[in-house]
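A.B. asks: return atomic coordinates for the entry below.
(one chain, ligands or ions: 1)
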Amino acid sequence: MNKNLKLVVKNSGLLALKFFKDLPDGNLFIAEARQQVPFDIKRVYFINTLANQKAVRGKHAHRELQQGIFCISGSFNLHLDDGIRKQRIRLNDPSCGILLGPFLWHTMSSFSYDCVILVLASAGFDEADYIRDYDEFRRVTSGVGRVEESKKPISSTRKTR
Ligand code: TYD
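C.D. replies: All right, here's what the predicted structure looks like:
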């Protein structure tokens with residue numbers, strides 16, 4: 001993944017870990033809460049043994065949860081969709097992850113045989129925080145847009161004479 005990659009979707013960003021190269025004695029990667037990762041880390045989970053190359057994971061968004069997703073071995077495609085824009089990123093660099101903020105539909109696919117995904121999350125597991133239905137996601141994200149629009153001060157939408 002290119003470290004200069006520009007995220008075009010909302011509620012995302014690059015997460016660059018602290019990194020010490022100790023080769024040939026290994027590499028050391030560090031994620032600290034409120035430093036390389038912009039939230040307090042309450043949960044860590046990882047996914048391995050992605051033997052099915054046609055596997056597709058994710059296919060949901062969260063209402064409040066923030067997560068940092070890293071590919072710490074191998075590679076996979078991360079598809080992001082904020083309801084307006086979409087972006088596909090090939091994750092293949094353990095030192096550089098992606099922030100998954102709220103209302104960001106995310107799907108993972110095209111896993112290499114050695115892929116290991118590490119996720120750092122801002123809260124414990126809560127099924128009620130998931131949006132698993134894409135139509136609902138589109139309704140909610142277009143609703144968020146309307147709320148933001150309606151909050152604009154009237155003066156800013158009036159033409160000045
Ligand atoms: P899910 O988040 O949908 O996985 P992915 O995004 O990787 O495809 O979770 C799959 C299942 O695991 C689902 O039944 C919920 C459960 N689960 C937990 O119980 N706790 C957790 O912390 C996570 C991430 C999932």
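
A.B. asks: use CA for all of it now, contacts and neighbours both
C.D. replies: Will do.

A.B. asks: show me the beta-bridge partners of the nearest residue to L7 once chain neighbours are set aside.
C.D. replies: In space, and not counting its chain neighbours, L7 is closest to G13: 6.0 Å by Cα to Cα, 6 or more residues apart in numbering. Listed by DSSP bridges, the beta-bridge partners for G13 are L99.

A.B. asks: again, but for L78
C.D. replies: Bridge pairing for L78 - DSSP bridges - gives I89, M108.

A.B. asks: quick revisit: from what I can see the residue nearest to L7 touches L5, true?
C.D. replies: No - checked against Cα atoms under 8 Å, the pair G13 and L5 is beyond contact range at 9.2 Å.

A.B. asks: higher neighbour count, those two?
C.D. replies: A side-by-side neighbour count of G13 and L5, using other Cα atoms under 10 Å, places G13 first with 17 against 10.

A.B. asks: pLDDT score for the more buried one?
C.D. replies: pLDDT for G13: 97.

A.B. asks: quick one: low-confidence parts of the protein?
C.D. replies: By pLDDT under 70, the low-scoring segments of the chain are 144-161.

A.B. asks: which residue is nearest the middle of it?
C.D. replies: L100 (2.4 Å; Cα atoms, centre = their mean).

A.B. asks: related to what we said a few turns ago, spit out the contact partners of the residue nearest to L7.
C.D. replies: L7, I98, L99, L100 (Cα atoms under 8 Å, 6 or more residues apart in numbering).

A.B. asks: swap in A121?
C.D. replies: I41, K42, R43, V44, L65, Q66, Q67, G68.

A.B. asks: gap between it and A55?
C.D. replies: According to Cα to Cα, to the nearest Å, A121 and A55 sit 22 Å apart.

A.B. asks: restricted to buried residues, select the contacts of A121 in PyMOL.
C.D. replies: A single PyMOL command selects the buried members of these (16 or more other Cα atoms under 10 Å):
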select buried, resi 41+65+66+67+68
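
A.B. asks: what's the helix or strand for L28?
C.D. replies: Under the criterion of DSSP states H and E, L28 resides in strand 27-30.

A.B. asks: now that strand: buried residues?
C.D. replies: Buried residues in strand 27-30 (16+ other Cα under 10 Å): none.

A.B. asks: dump the C-alpha coordinates for it into PDB.
C.D. replies: The C-alpha atoms that make up strand 27-30 are tabulated as PDB, following Å, rounded to 0.1, in the frame of the first residue of the first chain:
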ATOM      1  CA  ASN A  27      10.600  -6.000  12.700                       C
ATOM      2  CA  LEU A  28       8.800  -4.400  15.600                       C
ATOM      3  CA  PHE A  29       5.400  -2.600  15.100                       C
ATOM      4  CA  ILE A  30       3.700  -0.500  17.800                       C
END
